[in-house]
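J.: This is a predicted model, with the sequence first.
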Amino acid sequence: MSLLEVENARVAFPTARGLLTAVDGVSLSVDEGRVLGIVGESGSGKSVLSRAIMGLLPRSARTGEAMRIRLGGRELGALPERELRRLRGREMAMIFQDPMTALNPVMTLGDQIGESLRLHLGMGRRQARDRSVELLAAVGLPQPATRVDQHPHQLSGGMRQRVAIAIALACDPRLLIADEPTTALDVTVQHGILDLLQAQSRERGMAMILITHDLGVVAGRADEVAVMYAGRVVEQAPTRALFAAASMPYTRGLLASIPRIEDAPGRRLEAIGGRPPDLVSPPAGCAFSPRCAHASDLCRRQAPGLEDGGATRFACWHPALEAAE
Amino acid sequence: MNALLRRAGRLAVVLAVVTLITFLLVAALPGDVALDIAGADATEQEVAEIRAEIGLDRSLAVRYLDWVSGIVTGDWGQSWRTGERVWDAIAQRVPASLELMVLAQIIAVSLAIPAALLCARAPDGRVDRAIGFLAFGSVSMPSFMTAVLLILLFSLTLGWLPATGYEPLSAGLWENLRPMILPALSLALVEWTALMRTLRAEMIGVLQENYIALARAKGMSDRRILVVHALRPSSFSMITLLGLQVGRLMGGSIIIEQIFGIPGVGRLLVTSVFSRDFMMIQGCVTFFALAYVLANFCTDLAYARLDPRVRGLGGKAGAHG
């Protein structure tokens, strides 16, 4: 049994123009201690999916009736809010995109980390503070004993993201969801944060969902990658296999748009033409068909299902089964 | 240090303007004080003597400068009517006024905070609308009207609280508070609404912040998120308003002290106006201006305590102050 099992996740938001389907029937699973990368451009539903898993959707969200999310075998949708709160922060934790706004500006770092320890693990004030210092040291914050009493504005963005990681790790969760953890950071800092996440995940045997719009982030870090487009998983494969031979034209487009150091100077970067579809009134058939060079009448008429082909799954009528050129 | 000097400079300008305007207004009052004192059948000679005695025979400029220099050195002048020193008269009445206003603010804040929390939790929900409706009714009624209704209900009908009177603190805490409750409530029922609306609006914004989402992700309860995570960063506008409202509160207290027979500075001012006690009027108004500036200075200090980001900017002085 997998640690996390998501079945048929469906989330929609009422808007002035109609119902916006942000997540449209996603099923995936994460095994204990494994790292799943979820890749997609903005609006592909990856963040909404992560909030659905955490049970942190806004009140206005409508979820599908067939949606099942199980953590360690427990069906989260069936749990009362009190029980769910006990899991949040303790069994599953989350890191947000923008570290500049993810920390409370008027609380000390120690209070923000210690809060979880005291609530979930029942630690006393002193004990929580000592543990907070240890956690800050573990995430590579210099002078943790001084920093613990400081406020977020006294730290740089990268340092704040390290604090956010310390908060997430506080109660040794079994699952960590990192939603674009490095997108808002300087390139030079990104590597350090990703390495830290990977190291902590290995050390603690903690499963991780690494959400990003950048395939380069999951390369070499995720065991498996799921590519999302217009609220659906369109391809899922072990990372190595995906990079070696993507089947779905969208994934191939994403791979082609990664700049490579061996490219000749002045070479134009490949880009996927067109724009992501309108999720209030998505195109008939495959959502990617308007932007796809291989689209046929079949694609425009009927959406392909996610074919289960063992380790690799993809949703496409005309997959490129040969290796990418 | 620099900020402190600037503040002191601003205080001087405010006081100069306030004293000058007060002085001119009082001087422009129709009638002749000396004539009043002397009585209708006094001779011109007698009136002139009285005028010289209370210093009204000098030019406006000389009188103003004389009075202002007195304010600065601590001599606020003397009432021609009772012979009382102005400063002593004010100082004697400050406790009652201060207690009234502080109590009113405490009641207003303790109504505003829980109400705002309930509203911000589900904006436009049933609770939010009900509280908004209540607040609207409450603010629509002037404090003297509220006062009369409160007296009608709690003093005359129920007989729980006295309608008038004042007991010093030395008479015991409850004895002192009892007659203060209705007047303070009358003022608070006007003041709490603006505080509540301000806090509610800012809190709705704060609840959208990422750090609130993080607090939820940490498994914190709704109540804890509202009180521990959202209240402090939401309260800055309310704190500012709290300082600004001191002005309105002082205006309101003048009427309320009159209605409830509280021997405060506001009542002293009213009596002085009726008896044309010009030194006392000038003193009271100057005192109100001073109190207002001081209250807003305290507001700034509270700001620094609540927001660690301001502490850093204000230099070390604010950090532990």
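T.: Perfect, I can see it now.
J.: contacts and neighbour counts: CA atoms only from here.
T.: Noted.
J.: ok, the residue in the stretch 1-150 of chain B positioned nearest to chain A - contacts?
T.: Of all residues in the stretch 1-150 of chain B, the one sitting closest to chain A is residue B:122 (9.6 Å; CA to the nearest CA). Residue B:122 sits next to residue B:128 when contact means CA atoms under 8 Å, 6 or more residues apart in numbering or on different chains.
J.: low pLDDT regions in the stretch 51-200 of chain B?
T.: Within the stretch 51-200 of chain B, no stretch has pLDDT under 70.
J.: hmm, back to that, how close does the residue of the stretch 1-150 of chain B closest to chain A get to residue B:207?
T.: For residue B:122, the distance to residue B:207 (CA to CA, to the nearest Å) stands at 11 Å.
J.: Pretty sure residue B:167 sits against residue B:173.
T.: No. The pair residue B:167 / residue B:173 is not scored as a contact, 9.3 Å apart, by CA atoms under 8 Å.
J.: These two: who's more crowded?
T.: With neighbours defined as other CA atoms under 10 Å in any protein chain shown, residue B:167 and residue B:173 compare such that residue B:167 has more, 18 against 11.
J.: Leaving out the residues flanking it, which one is nearest to the more buried one?
T.: residue B:176 (4.8 Å; CA to CA, 6 or more residues apart in numbering or on different chains).
J.: The one you found: neighbour count?
T.: So residue B:176, with other CA under 10 Å, has 18 neighbours.
J.: Check whether it sits in a helix, strand or coil.
T.: Residue B:176 falls in the helix class when you classify it by DSSP: H, G, I helix; E, B strand; the rest coil.
J.: Now do the contacts for residue B:298.
T.: residue B:243.
J.: Can you tell me the number of residues neighbouring residue B:189?
T.: By the criterion of other CA under 10 Å, residue B:189 has 25 neighbours.
J.: Residue B:174: neighbouring residues, count only.
T.: Residue B:174 has 11 nearby residues by other CA under 10 Å.
J.: Kindly apply the preceding question to residue A:91 instead.
T.: Residue A:91 has 19 nearby residues by other CA under 10 Å.
J.: Please name the spatially closest residue to it (chain neighbours excluded).
T.: residue A:173 (4.3 Å).
J.: And the one you found, how close does it get to chain B?
T.: 11 Å (CA to the nearest CA, to the nearest Å).
J.: helices and strands of chain A: which one has the lowest mean pLDDT?
T.: Lowest mean confidence among the helices and strands of chain A (mean pLDDT, DSSP states H and E): strand A:307-309, at a mean of 71.
J.: middle-most residue in chain A, spatially?
T.: Most central in chain A under CA atoms, centre = their mean is residue A:211, positioned 2.5 Å from the mean C-alpha point.
J.: Surely that one forms part of a helix?
T.: No. Counting by three-state DSSP, residue A:211 falls outside a helix, being strand.
J.: isn't the residue nearest to residue B:167 right next to residue B:161, touching?
T.: No. Using CA under 8 Å, residue B:176 is not in contact with residue B:161; the gap is 11.9 Å.
J.: Show the contacting residues for the residue of the stretch 101-250 of chain A found nearest chain B.
T.: Closest to chain B within the stretch 101-250 of chain A is residue A:102: 4.2 Å, counting by CA to the nearest CA. Going by CA under 8 Å, 6+ apart, residue A:102 touches A:96, A:164, B:209-214.
J.: On the pLDDT front, check it for me.
T.: Listed pLDDT for residue A:102 reads 91.
J.: what does residue A:169 give?
T.: 93.
J.: same check, this time on the one 10 residues further on
T.: Listed pLDDT for residue A:179 reads 92.
J.: who does the closest residue to it other than its chain neighbours bridge with?
T.: Nearest residue to residue A:179 in three dimensions, chain neighbours excluded: residue A:211, at 4.8 Å (CA to CA, 6+ apart). Counting by DSSP bridges, residue A:211 is bridged to residue A:38, residue A:179.
J.: contacting residues for residue A:211?
T.: Contacts for residue A:211 (CA under 8 Å, 6+ apart) come out as A:37-39, A:46-47, A:177-181.
J.: Recalculate using a threshold of 10 Å.
T.: Residues near residue A:211 by CA atoms under 10 Å, 6 or more residues apart in numbering or on different chains: A:36-40, A:46-47, A:50, A:97, A:177-182, A:217-218, A:225-226.
J.: Equivalent analysis for residue B:262, please.
T.: B:93, B:96-97, B:100, B:164-167, B:179-180, B:183, B:253-254, B:256, B:268.
J.: give me that answer again for 6 Å
T.: With contacts defined as CA atoms under 6 Å, 6 or more residues apart in numbering or on different chains, residue B:262 is in contact with residue B:166.
J.: Now do it, the pLDDT please.
T.: pLDDT at residue B:262 comes out at 92.
J.: Now do the SS call for it.
T.: Under three-state DSSP, the three-state class of residue B:262 is coil.
J.: how close does it get to residue B:153?
T.: Residue B:262 is 20 Å from residue B:153, by CA to CA.
J.: Return the residues of the stretch 101-250 of chain B in contact with chain A.
T.: Proximity of the stretch 101-250 of chain B to chain A, by CA under 6 Å from any CA of the partner chain, involves residues B:210-211, B:217-219.
J.: from those, which is closest to residue B:83?
T.: Residue B:83 lies nearest to residue B:211 out of these, by CA to CA, at 62.4 Å.
J.: Contact partners for the residue nearest to residue A:91?
T.: Listed by CA under 6 Å, 6+ apart, the contact partners of residue A:173 are A:90-92.
J.: So which of those residues is the closest to chain B?
T.: Among those, and counting by CA to the nearest CA, the member closest to chain B is residue A:90, at 7.6 Å.
J.: quick one: pLDDT of the closest one?
T.: Predicted confidence (pLDDT) for residue A:90: 92.
J.: Check residue A:322 too.
T.: With respect to pLDDT, residue A:322 has a value of 49.
J.: Check residue A:302 too.
T.: The model reports residue A:302 with a pLDDT of 84.
J.: any idea what sits nearest it, other than its immediate chain neighbours?
T.: Once flanking residues are discounted, residue A:302 sits nearest to residue A:285: 3.9 Å by CA to CA, 6+ apart.
J.: circling back: filter the contacts of residue A:102 down to just the ones in helices.
T.: Among the contacts of residue A:102, the ones falling in helices (DSSP state H) are A:164, B:210-214.
J.: Would you convert these into a markdown table that also reports distance to residue B:188 and pLDDT?
T.: Below are the ones in helices among the contacts of residue A:102 laid out as a markdown table (distance: CA to CA, whole Å; pLDDT from 0 to 100):
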| residue | distance to residue B:188 | pLDDT |
| --- | --- | --- |
| A:164 | 42 | 94 |
| B:210 | 34 | 89 |
| B:211 | 33 | 93 |
| B:212 | 31 | 93 |
| B:213 | 34 | 91 |
| B:214 | 36 | 93 |
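J.: how about the residues you listed in TSV, adding neighbour count and distance to residue A:157?
T.: Shown next, in TSV, are these (neighbours: other CA atoms under 10 Å in any protein chain shown; distance: CA to CA, whole Å):
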residue	neighbour count	distance to residue A:157
A:164	26	10
B:210	19	14
B:211	23	14
B:212	21	18
B:213	22	18
B:214	25	16
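J.: Is it possible to get CSV of these that adds distance to residue A:233?
T.: Shown next, in CSV, are the ones in helices among the contacts of residue A:102 (distance: CA to CA, whole Å):
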residue, distance to residue A:233
A:164, 28
B:210, 26
B:211, 29
B:212, 29
B:213, 25
B:214, 26
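J.: All set now, cheers.
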